[in-house]
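Participant: Could you look at this predicted model? Sequence included:
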Amino acid sequence: MTSGIVFNISRYAIHDGPGIRTTVFLQGCPLSCWWCHNPESMAREPQLSLRAGRCIACGLCVEACPAHAISLSDDGPATDATLCRQCFGCAGVCPADAREVVGRSMTVGEVMEEVTKDTSFYDESGGGVTFSGGEPLMQPAFLLELLEACGGQDIHRTVDTCGYASRAILLRVAEKAELFLYDLKHMDPAIHEKFTGVSNEPILENLRALSCRNVAIRIRFPLIPGVNDDRKNVESLGAFLQGLHRVFSVDILPYHDVARSKYKRFGFPYRLGQVQAPDPARLSEIAAALRGYGLCVTVGGDNKDERTNSQAQTIQP
Ligand code: SF4
Ligand code: SF4
(Lines give C-alpha, C1' and ligand atoms only; values in the text may rest on other atoms or scores of the structure.)
(Ligands and ions follow the chains in the order given, each with its own letter.)
Protein backbone atom coordinates (compact mmCIF):
# COMPACT_ATOMS: atom_id res chain seq x y z
CA MET A 1 0.00 0.00 0.00
CA THR A 2 1.29 3.48 -0.85
CA SER A 3 2.61 5.58 1.99
CA GLY A 4 3.35 9.28 2.36
CA ILE A 5 4.50 11.84 4.91
CA VAL A 6 1.71 13.36 6.99
CA PHE A 7 2.44 16.09 9.51
CA ASN A 8 -0.99 16.46 11.09
CA ILE A 9 -4.51 15.11 11.03
CA SER A 10 -7.06 17.54 12.40
CA ARG A 11 -10.56 16.32 13.30
CA TYR A 12 -13.71 18.45 13.55
CA ALA A 13 -12.36 21.11 11.17
CA ILE A 14 -15.02 23.59 10.04
CA HIS A 15 -13.08 25.99 7.80
CA ASP A 16 -11.62 23.58 5.26
CA GLY A 17 -14.72 22.89 3.18
CA PRO A 18 -18.40 22.18 3.83
CA GLY A 19 -19.64 20.68 7.09
CA ILE A 20 -17.54 18.96 9.71
CA ARG A 21 -14.33 17.62 8.25
CA THR A 22 -11.11 15.83 8.97
CA THR A 23 -8.15 17.67 7.46
CA VAL A 24 -5.12 15.60 6.51
CA PHE A 25 -1.97 17.72 6.19
CA LEU A 26 0.63 16.34 3.79
CA GLN A 27 4.28 17.28 4.14
CA GLY A 28 6.15 19.32 1.52
CA CYS A 29 5.38 22.48 -0.43
CA PRO A 30 6.97 24.07 -3.53
CA LEU A 31 6.17 27.56 -2.17
CA SER A 32 7.69 29.34 0.81
CA CYS A 33 5.12 32.07 1.58
CA TRP A 34 6.29 34.65 4.09
CA TRP A 35 3.01 34.32 6.04
CA CYS A 36 2.72 30.50 5.91
CA HIS A 37 0.85 29.10 8.93
CA ASN A 38 2.57 25.74 8.62
CA PRO A 39 6.26 26.52 8.07
CA GLU A 40 7.13 23.00 9.27
CA SER A 41 5.37 21.68 6.16
CA MET A 42 7.60 23.35 3.57
CA ALA A 43 10.37 20.72 3.58
CA ARG A 44 9.58 17.29 2.17
CA GLU A 45 10.94 15.55 5.26
CA PRO A 46 9.78 15.49 8.90
CA GLN A 47 11.05 18.39 11.01
CA LEU A 48 12.40 18.84 14.53
CA SER A 49 10.26 20.99 16.82
CA LEU A 50 11.63 22.56 20.01
CA ARG A 51 9.29 23.95 22.67
CA ALA A 52 11.85 25.61 24.92
CA GLY A 53 9.26 26.37 27.60
CA ARG A 54 8.84 22.66 28.33
CA CYS A 55 12.57 22.01 28.81
CA ILE A 56 13.64 20.76 32.26
CA ALA A 57 17.35 21.21 31.46
CA CYS A 58 18.19 17.53 31.96
CA GLY A 59 20.94 17.65 29.32
CA LEU A 60 20.01 14.28 27.77
CA CYS A 61 19.65 15.75 24.30
CA VAL A 62 23.14 17.30 24.51
CA GLU A 63 24.61 13.88 25.27
CA ALA A 64 22.54 12.15 22.55
CA CYS A 65 23.36 14.54 19.72
CA PRO A 66 26.03 13.04 17.43
CA ALA A 67 26.55 16.40 15.71
CA HIS A 68 27.19 18.46 18.87
CA ALA A 69 24.45 20.78 17.64
CA ILE A 70 22.71 21.35 20.99
CA SER A 71 23.65 23.78 23.74
CA LEU A 72 22.01 24.59 27.07
CA SER A 73 22.22 27.99 28.68
CA ASP A 74 20.21 30.21 31.01
CA ASP A 75 18.10 31.09 27.97
CA GLY A 76 17.15 27.42 27.57
CA PRO A 77 18.07 24.79 24.97
CA ALA A 78 19.18 25.77 21.50
CA THR A 79 19.89 23.81 18.32
CA ASP A 80 22.44 24.94 15.76
CA ALA A 81 20.57 24.27 12.51
CA THR A 82 23.80 24.41 10.51
CA LEU A 83 25.14 21.39 12.44
CA CYS A 84 21.91 19.40 12.89
CA ARG A 85 21.70 16.23 10.76
CA GLN A 86 17.98 15.70 11.36
CA CYS A 87 18.60 12.29 12.95
CA PHE A 88 15.97 13.02 15.64
CA GLY A 89 17.93 11.19 18.32
CA CYS A 90 17.38 14.12 20.67
CA ALA A 91 13.58 13.84 20.35
CA GLY A 92 13.79 10.18 21.29
CA VAL A 93 15.50 10.89 24.62
CA CYS A 94 13.70 14.08 25.68
CA PRO A 95 11.63 13.24 28.79
CA ALA A 96 9.63 16.48 28.67
CA ASP A 97 8.41 16.36 25.06
CA ALA A 98 10.25 19.63 24.51
CA ARG A 99 11.80 18.05 21.42
CA GLU A 100 9.43 16.38 19.00
CA VAL A 101 9.46 15.16 15.43
CA VAL A 102 6.69 16.64 13.31
CA GLY A 103 5.74 14.54 10.28
CA ARG A 104 5.66 10.78 9.91
CA SER A 105 5.24 8.16 7.27
CA MET A 106 1.71 6.74 7.09
CA THR A 107 0.11 4.24 4.75
CA VAL A 108 -3.17 4.96 3.00
CA GLY A 109 -4.76 2.39 5.31
CA GLU A 110 -3.49 4.17 8.43
CA VAL A 111 -4.85 7.51 7.24
CA MET A 112 -8.19 5.93 6.34
CA GLU A 113 -8.39 4.37 9.79
CA GLU A 114 -8.22 7.89 11.24
CA VAL A 115 -10.57 9.64 8.85
CA THR A 116 -13.30 7.01 8.99
CA LYS A 117 -13.67 7.53 12.74
CA ASP A 118 -15.94 10.50 12.00
CA THR A 119 -18.07 9.31 9.12
CA SER A 120 -21.26 9.84 11.12
CA PHE A 121 -20.30 13.53 11.60
CA TYR A 122 -19.62 13.87 7.87
CA ASP A 123 -23.00 12.33 7.05
CA GLU A 124 -24.92 14.56 9.44
CA SER A 125 -23.15 17.82 8.57
CA GLY A 126 -22.50 17.35 4.86
CA GLY A 127 -18.79 17.23 5.64
CA GLY A 128 -15.94 14.96 4.62
CA VAL A 129 -12.17 14.92 4.29
CA THR A 130 -9.87 17.73 3.17
CA PHE A 131 -6.35 17.10 1.96
CA SER A 132 -4.14 20.08 2.72
CA GLY A 133 -0.52 20.74 3.53
CA GLY A 134 2.06 21.76 2.71
CA GLU A 135 0.92 21.07 -0.80
CA PRO A 136 -0.95 17.76 -1.19
CA LEU A 137 -0.14 17.59 -4.92
CA MET A 138 3.53 17.15 -3.97
CA GLN A 139 2.70 13.51 -3.06
CA PRO A 140 0.52 12.58 -6.05
CA ALA A 141 0.46 8.78 -5.79
CA PHE A 142 -0.39 8.95 -2.09
CA LEU A 143 -3.02 11.63 -2.62
CA LEU A 144 -4.68 9.82 -5.53
CA GLU A 145 -4.91 6.60 -3.54
CA LEU A 146 -6.36 8.43 -0.55
CA LEU A 147 -8.94 10.16 -2.73
CA GLU A 148 -9.90 6.84 -4.26
CA ALA A 149 -10.25 5.23 -0.84
CA CYS A 150 -12.47 8.09 0.39
CA GLY A 151 -14.54 7.92 -2.80
CA GLY A 152 -15.02 4.21 -2.24
CA GLN A 153 -16.63 5.02 1.10
CA ASP A 154 -18.71 7.87 -0.30
CA ILE A 155 -16.79 10.48 1.71
CA HIS A 156 -16.83 14.03 0.27
CA ARG A 157 -13.31 14.99 -0.87
CA THR A 158 -11.77 18.45 -0.85
CA VAL A 159 -8.24 19.32 -2.00
CA ASP A 160 -6.67 22.51 -0.64
CA THR A 161 -3.94 23.52 -3.10
CA CYS A 162 -1.63 26.37 -4.04
CA GLY A 163 -2.00 25.22 -7.66
CA TYR A 164 1.75 25.02 -8.32
CA ALA A 165 1.93 21.50 -9.72
CA SER A 166 2.09 19.47 -12.90
CA ARG A 167 -1.05 20.10 -14.97
CA ALA A 168 -1.44 16.37 -15.65
CA ILE A 169 -1.42 15.55 -11.93
CA LEU A 170 -3.82 18.37 -11.08
CA LEU A 171 -6.34 17.18 -13.66
CA ARG A 172 -6.05 13.56 -12.53
CA VAL A 173 -6.73 14.68 -8.97
CA ALA A 174 -9.70 16.70 -10.22
CA GLU A 175 -11.33 13.47 -11.40
CA LYS A 176 -11.31 12.15 -7.83
CA ALA A 177 -12.32 15.22 -5.82
CA GLU A 178 -15.59 17.06 -5.33
CA LEU A 179 -14.12 20.44 -4.34
CA PHE A 180 -10.88 22.39 -4.68
CA LEU A 181 -9.86 25.19 -2.35
CA TYR A 182 -7.49 27.06 -4.66
CA ASP A 183 -5.15 29.74 -3.32
CA LEU A 184 -4.39 32.90 -5.27
CA LYS A 185 -1.87 35.05 -3.45
CA HIS A 186 -0.82 37.75 -5.93
CA MET A 187 -1.54 38.54 -9.58
CA ASP A 188 1.86 40.08 -10.37
CA PRO A 189 4.42 37.34 -11.23
CA ALA A 190 7.43 39.23 -9.82
CA ILE A 191 5.73 40.17 -6.54
CA HIS A 192 4.34 36.64 -6.26
CA GLU A 193 7.85 35.27 -6.66
CA LYS A 194 9.26 37.67 -4.07
CA PHE A 195 6.81 36.58 -1.36
CA THR A 196 6.33 32.89 -2.23
CA GLY A 197 9.54 31.87 -4.00
CA VAL A 198 7.84 30.99 -7.31
CA SER A 199 6.10 32.73 -10.23
CA ASN A 200 2.29 32.67 -10.34
CA GLU A 201 2.15 31.83 -14.06
CA PRO A 202 1.71 28.03 -13.73
CA ILE A 203 -0.81 28.62 -10.93
CA LEU A 204 -2.99 30.87 -13.06
CA GLU A 205 -2.73 28.60 -16.11
CA ASN A 206 -3.61 25.56 -14.01
CA LEU A 207 -6.67 27.35 -12.64
CA ARG A 208 -7.71 28.22 -16.18
CA ALA A 209 -7.51 24.52 -17.11
CA LEU A 210 -9.25 23.39 -13.92
CA SER A 211 -12.09 25.83 -14.44
CA CYS A 212 -13.07 23.85 -17.57
CA ARG A 213 -13.46 20.63 -15.55
CA ASN A 214 -16.49 19.39 -13.73
CA VAL A 215 -15.25 20.03 -10.18
CA ALA A 216 -16.30 22.72 -7.71
CA ILE A 217 -13.67 25.36 -6.93
CA ARG A 218 -13.49 28.01 -4.26
CA ILE A 219 -10.76 30.60 -4.51
CA ARG A 220 -8.89 31.45 -1.32
CA PHE A 221 -7.32 34.89 -1.18
CA PRO A 222 -5.08 35.34 1.88
CA LEU A 223 -5.17 39.09 2.42
CA ILE A 224 -1.83 40.43 3.65
CA PRO A 225 -1.70 44.20 4.31
CA GLY A 226 1.09 45.84 2.33
CA VAL A 227 1.59 42.75 0.17
CA ASN A 228 -1.57 42.10 -1.87
CA ASP A 229 -4.32 44.41 -0.57
CA ASP A 230 -3.71 47.23 -3.05
CA ARG A 231 -6.36 48.28 -5.55
CA LYS A 232 -4.36 47.18 -8.59
CA ASN A 233 -3.97 43.63 -7.32
CA VAL A 234 -7.60 43.32 -6.21
CA GLU A 235 -8.86 44.58 -9.57
CA SER A 236 -6.49 42.30 -11.42
CA LEU A 237 -7.72 39.31 -9.36
CA GLY A 238 -11.37 40.19 -10.00
CA ALA A 239 -10.83 40.63 -13.74
CA PHE A 240 -8.89 37.36 -14.03
CA LEU A 241 -11.59 35.36 -12.24
CA GLN A 242 -14.37 37.05 -14.20
CA GLY A 243 -12.65 36.01 -17.44
CA LEU A 244 -12.54 32.31 -16.56
CA HIS A 245 -14.90 29.62 -17.77
CA ARG A 246 -16.93 29.86 -14.57
CA VAL A 247 -17.81 32.49 -11.99
CA PHE A 248 -16.17 31.57 -8.71
CA SER A 249 -16.73 32.05 -5.03
CA VAL A 250 -13.88 33.80 -3.24
CA ASP A 251 -12.98 33.42 0.43
CA ILE A 252 -10.91 36.33 1.71
CA LEU A 253 -8.68 35.06 4.50
CA PRO A 254 -7.51 38.06 6.56
CA TYR A 255 -3.91 37.88 7.75
CA HIS A 256 -3.16 37.12 11.39
CA ASP A 257 0.15 36.25 12.96
CA VAL A 258 -0.79 33.37 15.29
CA ALA A 259 1.80 31.20 13.55
CA ARG A 260 4.65 33.49 14.57
CA SER A 261 5.57 31.34 17.59
CA LYS A 262 5.71 28.27 15.36
CA TYR A 263 8.59 29.81 13.42
CA LYS A 264 10.54 30.04 16.65
CA ARG A 265 9.77 26.41 17.51
CA PHE A 266 11.23 25.24 14.21
CA GLY A 267 14.08 27.74 14.11
CA PHE A 268 12.84 29.59 10.99
CA PRO A 269 12.98 33.40 10.60
CA TYR A 270 9.57 35.16 10.45
CA ARG A 271 10.04 37.43 7.46
CA LEU A 272 6.80 39.40 7.56
CA GLY A 273 7.87 41.64 10.44
CA GLN A 274 5.18 43.52 12.32
CA VAL A 275 2.36 43.41 9.76
CA GLN A 276 -1.01 43.88 11.47
CA ALA A 277 -4.35 42.22 10.70
CA PRO A 278 -6.27 44.08 7.96
CA ASP A 279 -8.55 46.92 8.90
CA PRO A 280 -12.25 45.75 8.79
CA ALA A 281 -13.22 48.74 6.66
CA ARG A 282 -10.55 47.87 4.07
CA LEU A 283 -11.72 44.24 4.11
CA SER A 284 -15.26 45.36 3.33
CA GLU A 285 -14.02 47.56 0.48
CA ILE A 286 -12.05 44.69 -1.04
CA ALA A 287 -15.00 42.30 -0.70
CA ALA A 288 -17.26 44.85 -2.39
CA ALA A 289 -14.73 45.42 -5.17
CA LEU A 290 -14.56 41.68 -5.90
CA ARG A 291 -18.36 41.37 -5.82
CA GLY A 292 -18.34 44.00 -8.54
CA TYR A 293 -16.84 41.33 -10.82
CA GLY A 294 -19.82 39.03 -10.24
CA LEU A 295 -18.04 36.93 -7.63
CA CYS A 296 -19.65 35.51 -4.48
CA VAL A 297 -17.35 36.69 -1.66
CA THR A 298 -17.03 35.64 1.97
CA VAL A 299 -14.62 37.04 4.54
CA GLY A 300 -12.80 35.11 7.24
CA GLY A 301 -13.50 31.52 6.26
CA ASP A 302 -17.24 31.70 6.89
CA ASN A 303 -18.23 28.63 4.90
CA LYS A 304 -21.88 28.42 5.89
CA ASP A 305 -22.93 28.66 2.28
CA GLU A 306 -20.04 26.62 0.94
CA ARG A 307 -21.97 23.75 -0.62
CA THR A 308 -24.64 26.05 -1.96
CA ASN A 309 -22.01 28.25 -3.53
CA SER A 310 -20.16 25.29 -4.97
CA GLN A 311 -23.30 24.05 -6.65
CA ALA A 312 -24.24 27.55 -7.76
CA GLN A 313 -21.11 28.12 -9.83
CA THR A 314 -22.35 29.10 -13.23
CA ILE A 315 -20.89 27.79 -16.44
CA GLN A 316 -20.33 30.61 -18.89
CA PRO A 317 -20.94 29.88 -22.55
S1 SF4 B 1 18.11 15.92 15.27
FE2 SF4 B 1 20.01 14.75 15.63
S3 SF4 B 1 21.64 16.10 14.90
FE4 SF4 B 1 19.83 17.37 15.11
S5 SF4 B 1 19.96 18.26 17.14
FE6 SF4 B 1 18.75 16.37 17.35
S7 SF4 B 1 20.24 14.75 17.85
FE8 SF4 B 1 21.39 16.51 17.08
S1 SF4 C 1 16.25 16.45 26.59
FE2 SF4 C 1 14.48 17.82 26.51
S3 SF4 C 1 14.18 18.46 28.62
FE4 SF4 C 1 16.25 17.62 28.53
S5 SF4 C 1 17.58 19.39 28.06
FE6 SF4 C 1 17.03 18.51 26.12
S7 SF4 C 1 15.20 19.69 25.48
FE8 SF4 C 1 15.46 20.03 27.68
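Facilitator: Thanks, I have the structure now. Numbers count the residues shown, from 1 in each chain. Ligands and ions are numbered 1, 2, ... in the order given.
Participant: roughly how far apart are D160 and L137?
Facilitator: Distance from D160 to L137, counting by C-beta to C-beta, to the nearest Å: 10 Å. C-beta here means a position set from N, CA and C on the backbone, and glycine is covered the same way.
Participant: actually A96, sorry about that
Facilitator: Using C-beta to C-beta, we find A96 at a distance of 37 Å from L137.
Participant: out of those two, which sits in the more crowded spot?
Facilitator: Neighbour tally, A96 and L137, criterion other C-beta atoms under 10 Å: the higher count belongs to L137, 26 against 14.
Participant: Verify the contact between that one and L143 for me.
Facilitator: Yes: in this structure, L137 sits in contact with L143. The criterion is C-beta atoms under 8 Å, and the distance is 6.7 Å.
Participant: which neighbours do the two share?
Facilitator: Overlap between the contact sets of L137 and L143, as judged by C-beta atoms under 8 Å, 6 or more residues apart in numbering, is given by V159, V173.
Participant: residues in contact with the spatially most central residue of the chain?
Facilitator: Centre of the chain computed as the mean C-alpha position; nearest residue by C-alpha atoms, centre = their mean is G133, 4.3 Å away. Under the criterion of C-beta under 8 Å, 6+ apart, the contact partners of G133 comprise F25, L26, Q27, G28, C29, N38, S41, D160.
Participant: For burial, what's the neighbour tally of the residue nearest to R260 when sequence neighbours are not counted?
Facilitator: The spatially closest residue to R260, leaving aside those adjacent along the chain, is Y270, at 5.4 Å (C-beta to C-beta, 6 or more residues apart in numbering). Using other C-beta under 10 Å, the number of residues around Y270 comes to 17.
Participant: follow-up on the earlier one: which residues does the residue nearest to the centre of the chain bridge with?
Facilitator: G133 forms beta bridges with L26, as assigned by DSSP bridges.
Participant: State the distance from it to Q276.
Facilitator: Taking C-beta to C-beta, one finds G133 at 27 Å from Q276.
Participant: For D74, see how far away the residue nearest to the centre of the chain is.
Facilitator: Taking C-beta to C-beta as the measure, G133 falls 38 Å from D74.
Participant: try P30
Facilitator: 40 Å.
Participant: the more surrounded of these two?
Facilitator: Counting neighbours by other C-beta under 10 Å for P30 and for D74 shows that P30 has the greater number, 17 against 5.
Participant: ok, now which ones touch that one?
Facilitator: E135, M138, C162, Y164, A165, G197, V198.
Participant: Write out the residues of the protein neighbouring ligand 2.
Facilitator: The chain has residues 55-61, 72, 77, 93-94, 96, 98-99 near ligand 2, with proximity defined as C-beta under 6 Å from any ligand atom.
Participant: that older thread, switch the contacts of P30 over to a markdown table; also include neighbour count and secondary structure.
Facilitator: Listed next are the contacts of P30 as a markdown table, based on neighbours: other C-beta atoms under 10 Å; DSSP: H, G, I helix; E, B strand; the rest coil:
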| residue | neighbour count | secondary structure |
| --- | --- | --- |
| E135 | 25 | coil |
| M138 | 23 | helix |
| C162 | 25 | coil |
| Y164 | 22 | coil |
| A165 | 19 | coil |
| G197 | 15 | coil |
| V198 | 16 | coil |
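Participant: Next, format these as JSON lines and append pLDDT and distance to ligand 1.
Facilitator: Below are those laid out as JSON lines (pLDDT from 0 to 100; distance: C-beta to the nearest ligand atom, whole Å):
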{"residue": "E135", "pLDDT": "97", "distance to ligand 1": "24"}
{"residue": "M138", "pLDDT": "97", "distance to ligand 1": "23"}
{"residue": "C162", "pLDDT": "97", "distance to ligand 1": "28"}
{"residue": "Y164", "pLDDT": "98", "distance to ligand 1": "29"}
{"residue": "A165", "pLDDT": "97", "distance to ligand 1": "30"}
{"residue": "G197", "pLDDT": "97", "distance to ligand 1": "25"}
{"residue": "V198", "pLDDT": "98", "distance to ligand 1": "28"}
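Participant: Nearest to T2, out of those: which one, please.
Facilitator: Proximity to T2 was ranked across the contacts of P30 by C-beta to C-beta; first place goes to M138, at 14.0 Å.
Participant: Excluding sequence neighbours, find me the nearest residue to that closest one.
Facilitator: Closest to M138 by C-beta to C-beta, 6+ apart is G28, at 4.1 Å.
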